[in-house]
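# sequence and predicted structure, then a few things I'm wondering about:
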Amino acid sequence: MELKNITDIINTVKKTFSDSPMRTGLLALIGIVSVAVYFDRIYPSWKENPLILVGIIISSIVLGLILLALTNFGPFLKYLGLILLIFVLGVAIFLAFHFIRDSLNPNAIKKVKVNGQIWTAENIRNPSIDDTQCLADGYGCYYTYEGAYDACAKLGIGWTLPSVLDWQKTNSSKLRLNAGGFGKYNHVDDWGIQDRGVLGYYWTSTKPAGTNYPKYIMFNPNTKEILEDEGSTGYQYNCRCIKK
């Protein structure tokens, strides 16, 4: 069938839905899954900025109204209702999936998309890593260099420590960095925190050639500046992860 104008397109869509209820149900199911998958892909972005979700909903409603207007408020109304139902069910499945997943995982970490890269939006707080110190004060856990690598790996495939370059390209305000200081053993069993409230210390994956000292970054909460330096693997810093 040759489609010559918008009327032909509308009639074709109506015929597709009316000819086979099974086909309609299949198309609806595909639509619901597609919406859920789409929201899962943009999850870090809209979680950080819910206005993205609001914008998508409003845009979908406006698009539906435009389609409705093109049909002179005819039978296409029920198809618009089906489209909106598919959209709502897709979002519901997406939200239910993340709610259940986060409820089952007490160490679930918020994520955010910054300059096209997915970061953890808060300090890692997995206490199951060896040689880790965790405090219940919002600063997360303090890890050795090896422990930070393990903590990122436990988030799943593709998660690792960010490099110095990754840190330099990111936006510190979106990551909500804090000044947790760093942990170290002053004596054999005397563990303490230094620079709390002054600077934030975070491990990086960058290790200069010819040295065993990996680089870390220091975050100044007053100037929002990020500086780099080399540190001992025995010190314990906070940890953020990036998905690559």
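Cool, got the structure. What you see is a predicted model; the values in this text were computed from it and never measured.
# mind listing the strands for this protein?
Remark: strands assigned in the chain by DSSP state E are 111-114, 117-120, 133-134, 141-142, 159-160, 182-185, 191-194, 200-203, 215-219, 226-230, 242-243.
# adding mean neighbour count and distance to Asn126, write the ones you listed out as CSV.
Every C-beta, even on glycine, is put in place using the N, C-alpha and C of the backbone. CSV is the format used below for the strands of the chain (neighbours: other Cβ atoms under 10 Å; distance: least, Cβ to Cβ, whole Å):
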stretch, mean neighbour count, distance to Asn126
strand 111-114, 20, 15
strand 117-120, 20, 11
strand 133-134, 16, 8
strand 141-142, 25, 7
strand 159-160, 18, 12
strand 182-185, 18, 15
strand 191-194, 14, 18
strand 200-203, 25, 14
strand 215-219, 21, 19
strand 226-230, 13, 24
strand 242-243, 20, 16
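# could I get these in TSV, plus columns for distance to Cys152 and mean pLDDT?
Converted to TSV, these look like this (distance: least, Cβ to Cβ, whole Å; pLDDT from 0 to 100):
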stretch	distance to Cys152	mean pLDDT
strand 111-114	12	85
strand 117-120	8	91
strand 133-134	16	85
strand 141-142	12	92
strand 159-160	5	94
strand 182-185	18	83
strand 191-194	22	82
strand 200-203	9	95
strand 215-219	14	94
strand 226-230	19	91
strand 242-243	8	93
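# Arg176 is nearest to which of those?
strand 111-114 (8.2 Å; Cβ to Cβ).
# just to revisit the earlier point, CSV please, covering the strands of the chain and showing distance to Ala209.
Output for the strands of the chain, formatted as CSV (distance: least, Cβ to Cβ, whole Å):
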stretch, distance to Ala209
strand 111-114, 28
strand 117-120, 25
strand 133-134, 31
strand 141-142, 27
strand 159-160, 19
strand 182-185, 25
strand 191-194, 29
strand 200-203, 18
strand 215-219, 12
strand 226-230, 12
strand 242-243, 22
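# among the ones you listed, which comes closest to Lys174?
Between the strands of the chain, strand 111-114 lies closest to Lys174; by Cβ to Cβ that is 5.0 Å.
# what lines up beside that closest one in the sheet?
Take DSSP bridges as the rule and strand 111-114 pairs in its sheet with strand 117-120 (antiparallel).
# got the contact list for the partner strand?
44, 109-113, 155, 162, 166, 169-170, 175, 240-244 (Cβ atoms under 8 Å, 6 or more residues apart in numbering).
# same thing with stretch 228-235?
So stretch 228-235 is contacted by 144-146, 164, 167, 182-185, 201, 204, 206, 208, 211-218, 237 (Cβ under 8 Å, 6+ apart).
# go again using 6 Å as the cut-off
For stretch 228-235, the surrounding residues in contact (Cβ atoms under 6 Å, 6 or more residues apart in numbering) are Tyr145, Val164, Phe182, Lys184, Tyr213, Lys215, Tyr216, Ile217.
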